[in-house]
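[1] no FASTA, just this:
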């Protein structure tokens, strides 16, 4: 029983360390309040999402350099999240800065589906009551102490099959 729990926690925490919460609230307007249809020429033009890479300060570009190839693919919320991190970056301790860079590097390597799953896992873990988080940290520490072979033995067959296909 504990082995599957540890495996699940391992996957969730691994994803959570890379995840960024992205609450998106979509409101729907009543049909009467919808804006009039735009002319066809304007409707076909792609909407520019801001901030554009060129709008970042040189310092922000330096901190977020690993994200440059992906920047145009990020939605506004994601861009703002990363800009916020870049603004806090100079005040961080060197070990915190190194952790941000490692996590950013890992994040860039994930597929969009893996990023989505990481965000979902992060949200799920964030809902765990604070008094249970210590237990989760302990289980995560136990998982990290395992050898790679022991970790592989914890991966359920369905996840293992998925990993080999992608």
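    Cool, got the structure. If you're wondering where the values come from, they're calculated on a predicted model, not measured in any experiment.
[2] Could you say which helix or strand holds residue 59?
    Residue 59 is part of helix 58-63 when elements are defined by DSSP states H and E.
[3] May I see the buried residues of that helix?
    For helix 58-63, burial by neighbour count (16 or more other CB atoms under 10 Å) applies to 60, 61, 63. Where C-beta positions appear, they are placed from N, C-alpha and C, glycine not excepted.
[4] Please apply the same query to stretch 134-141.
    Buried residues in stretch 134-141, defined by neighbour count with 16+ other CB under 10 Å: 136, 139, 140.
[5] Narrow these to those in helices?
    Judged by DSSP state H, the buried residues of stretch 134-141 include 136, 139, 140 as members of helices.
[6] Looking at these, which is nearest residue 68?
    Nearest to residue 68 out of these is residue 140 (CB to CB; 31.8 Å).
[7] can you count the residues close to residue 82?
    22 (other CB atoms under 10 Å).
[8] And for residue 91?
    Residue 91 is flanked by 8 other residues according to other CB under 10 Å.
[9] Distance check, it against residue 83.
    As defined by CB to CB, to the nearest Å, residue 91 lies at a distance of 15 Å from residue 83.
[10] Quick check, residue 90 in contact with residue 59.
    Yes: contact criterion CB atoms under 8 Å: residue 90 and residue 59 qualify, at 7.3 Å.
[11] pLDDT value on residue 138, please?
    Note for residue 138: predicted pLDDT of 89.
[12] ok, now residue 12?
    Residue 12 carries a pLDDT value of 48.
[13] which stretch of helix or strand covers the residue nearest to residue 92 when sequence neighbours are not counted?
    Spatial nearest neighbour of residue 92, chain neighbours left out: residue 100 (6.9 Å); criterion: CB to CB, 6 or more residues apart in numbering. In the assignment (DSSP H and E), residue 100 maps to helix 94-109.
[14] Tell me which helix or strand comes right after that helix.
    Downstream of helix 94-109, the next assigned helix or strand under DSSP H and E is helix 112-126.
[15] Who are the packing partners of that following helix?
    Where contact means 3 or more CB pairs under 8 Å, 6 or more residues apart in numbering; DSSP states H and E, helix 112-126 is packed against helix 2-18.
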